[in-house]
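>>> Show me the folded form of this:
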Amino acid sequence: MSKVFVIDQNKRPLDPIHSAHARQLLRNKKAAVFRRFPFTIILKESRADSPSLSFASSQSPPSAKTGTCSPISALRLKIDPGAKYTGIALVNDATGEVVFAAELKHRGFAIRDALTSRRQLRRSRRARKTRYRKPRFLNRTRPLGWLAPSLQSRVENIKTLVEKLRRFAPITAISQELVRFDMQLMSNPNIQGEEYQQGTLQGYETREYLLEKWGRQCAYCACIDVPFQVEHIHPRAKGGSNSISNLTLSCEKCNAKKGTKDIKDFLKLDPSKLTKILSQAKKPLADAAAVNTTRWALLQTLKSTGLPVETGSGGLTKFNRSQQMLEKTHWLDAACVGKSTPSLIVKGIKPLLITANGHGSRQSCRTDKFGFPSRYVPRFKFVNGFQTGDIVKAIVTKGKKIGEYIGRVAVRTSGSFNISFSLGLVQGISHKYCKSIHKKDGYEYGK
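Down below sits the predicted model:
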């Protein structure tokens, strides 16, 4: 089971504790809830009453009144960045216990679509008979290291989560999957350099790339959950190369049936499938391209924390996961990143699901599909201390809507709010009944 983060009276991170221990501290009023996501408690008293808790910072040692500090755990933050999802795991290097896991869903593709829509609307406006506008070209310079907004958002999402976790847990090191696929290793298996690039890992990079590219299914019969073989689209016996663009996945039955036939002869009765396979073979892996584009920017961001950063490849991650016979999920991939991976203890871990939603829009008005203004957007965000997106707890004591509601609020200028909760939507709840339990931070959380 995931541990609960603990901070002391001075907001210094302590070792995470078991949820039963946290419930006992809350029940005895020795601690209070500090943050809901990730769930964190803050101690009300000195650590002397809780000797099992240890300080994470050696810069401010406790006084004699609080007792002697016990050794802190060496927690390593492991990150498996992806184009759509990023896996996060907090691992105890000494014991191999995974104390926290999360899966972060990015909004990079939503940003790309929004920018495309904006570009189309502006282009249509420029084509109309409107007033003359001087061309502006001097404001289009890009600084060194510039990334497209859809890519930069992925780096910023991970940076935000890393900073949050560092405030609540004693993190001493970071591991990052730097490259999804080692293309150099695939083209030359005997490359010298990193130790993991020889021996039992040889071939893992190529197979992992093909699994991602071909959707983890046979290219010919589309079967899944069977052992796959690396198959040459154009047979080696007829001049086919070992190039990655000439490789695909095939089940044993289809591979034996095709043999040394040319793919055009093998699929002459199914031209649509032939066209699909040939086009997919030339198609680059878009998600891998997005990850490879941001990997160095993310590495520099992680190094700026001042913590030692370990890197590894996607092939090494899969090798570690296969050796420990773990299923493929984003957070388990993160736990298996790097050569420092110990024997993992993952029993009972349930990852926190995090979705990046952004902080709203800066549009002055909403537009229709033609780009014309259609409705007004208020200039304010806060009403009676609440803003749309806050998670609130409302206890209604009178009227037709008596009950307790916990969910996200949508504010109105009248002070009568709407609350979306697990059972649906309740409208017209006065702000007087609402109490904020988690302020809007641009992310949505779930289990």
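>>> Now do the same for residue 191: its pLDDT.
According to the prediction, residue 191 has pLDDT 45.
>>> and if you look at residue 67?
pLDDT, residue 67: 38.
>>> and what of residue 48?
The per-residue pLDDT reported for residue 48 equals 55.
>>> Doesn't residue 401 lie inside a strand?
No: Residue 401 sits outside any strand when classified using DSSP: H, G, I helix; E, B strand; the rest coil, being coil.
>>> mind checking how far stretch 146-164 is from the chain centre?
10 Å (CA atoms, centre = their mean, to the nearest Å).
>>> Excluding its own residues, what touches it? List them.
With contact meaning CB atoms under 8 Å, 6 or more residues apart in numbering, stretch 146-164 is reached by 38, 77, 79, 81, 83, 86, 88, 102, 104, 106-109, 111-112, 115, 174, 290, 293-294, 297-298, 301-302, 305, 354, 356. All C-beta atoms are positioned from the backbone trio N, CA, C, and that covers glycine.
>>> Surely residue 276 forms part of a strand?
No: looking at residue 276 with three-state DSSP, it is helix, so not inside a strand.
>>> Give me the neighbour count for it.
For residue 276, the neighbour count with other CB atoms under 10 Å is 13.
>>> Quick check: which ranges of this structure have low pLDDT?
1, 47-72, 125-127, 129, 132-139, 180-205, 284-286 (pLDDT under 70).
>>> Pop the domain breakdown of it in here.
Domain ranges of the chain: 1-55, 76-108+149-185+286-356, 377-446, per automatic domain parsing.
>>> tell me what whichever strand or helix holds residue 279 is packed against?
Per DSSP states H and E, residue 279 falls inside helix 271-282. Applying 3 or more CB pairs under 8 Å, 6 or more residues apart in numbering; DSSP states H and E, we find helix 271-282 packed against helix 263-266.
>>> what residues does the helix or strand following the helix holding residue 279 touch?
Downstream of helix 271-282, the first helix or strand assigned by DSSP H and E is helix 286-303. Contacts to helix 286-303, defined as CB under 8 Å, 6+ apart, come from residues 79, 81-84, 108, 145, 147, 151-152, 154-155, 158-159, 162, 174, 176, 178-181, 209, 212, 309, 311.
>>> Selecting buried members of those residues in PyMOL, what would you type?
Per 16 or more other CB atoms under 10 Å, the buried members of those correspond to this PyMOL selection:
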select buried, resi 79+81+82+83+108+147+151+152+154+155+158+159+162+174+176+178+179+180+181+209+309+311
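>>> circling back to that earlier point, buried set for the helix holding residue 279?
Residues 273, 277, 281 are the ones in helix 271-282 that count as buried (16+ other CB under 10 Å).
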